[in-house]
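J.: Take this sequence and fold it.
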Amino acid sequence: MAAKAKEADVEEDEKPEGEGEQPASNSKLFKFIPRFKLPSLKWMIIGGAGLLVLIGGGGGAYYFLKGSGHKEPQVTAKPATFVDLPDVLVNLSNSGGDRTQYLKVKIVLELPDSSLVPQIQPLMPRVMDAFQTYLRELRPTDLDGSAGLYRLKEELMRRVNAAVAPNHITAVLFKEIVVQ
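T.: Numbering: from 1, shown residues only. Below you'll find the model as predicted:
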């Protein structure tokens, strides 16, 4: 028996320090706690860079969506100015038929600013002449459908802007169009 006790003492002495039996309460506790291995430096740098991108993106989104705190000044649109033109009555060019057709148009010019009215009024005879010469060349088929009226409006606007240059108008508006 003494020999067995002596062998047990030798076996305990041969075990390196710290490998001895731990108390039962500690061994049960460490069984359930997971052991984590620290990631390598490469993965820590990649994770940190990803975190910075995420934070920077959130800050940028906040800045652009929320604004920087100052408000832009409110821009108020000036009311447009309208100038009525005299009624225009022209006969359309004859397209081979025996019946003469007439075109009656009431036109309004839209100006961007009311200060242009005195500058454009002296040029009205030139504008009316441009309208008369263009409208007399039209055939009834040129006015068919909304596309025909749109082309007419664009051509009249081009001619008015050429007549009142260097000033310009915003739009040509039709009050009435009658083809008879």
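J.: Spit out the contact partners of A171.
T.: L109, E110, K153, M157 (C-beta atoms under 8 Å, 6 or more residues apart in numbering). From N, CA and C alone the C-beta is placed, and that goes for glycine too.
J.: Among these, which one sits closest to P86?
T.: Nearest to P86 among the contacts of A171 is L109, at 11.9 Å by C-beta to C-beta.
J.: Once you drop chain neighbours, what's closest to that closest one?
T.: The shortest distance from L109 to any non-neighbouring residue, by C-beta to C-beta, 6 or more residues apart in numbering, is to V83 (4.6 Å).
J.: That neighbour belongs to a strand, doesn't it?
T.: Yes. Assignment of V83 by DSSP: H, G, I helix; E, B strand; the rest coil places it within a strand.
J.: Considering the contacts of A171, which possesses the most neighbours?
T.: Comparing the contacts of A171 by number of neighbours (other C-beta atoms under 10 Å), L109 comes first, having 23 neighbours.
J.: wait, what's in contact with that one?
T.: F82, V83, L85, I120, V160, I169, A171, V172, L173.
J.: next helix or strand past the helix or strand containing Q132?
T.: Element membership for Q132 (DSSP states H and E) is helix 124-136. On the C-terminal side of helix 124-136, the closest following helix or strand by DSSP H and E is helix 145-163.
J.: Which elements pack onto that following helix?
T.: helix 124-136, strand 171-179 (3 or more C-beta pairs under 8 Å, 6 or more residues apart in numbering; DSSP states H and E).
J.: Stretch 82-90 - what's its average pLDDT?
T.: Across stretch 82-90, pLDDT averages out at 93.
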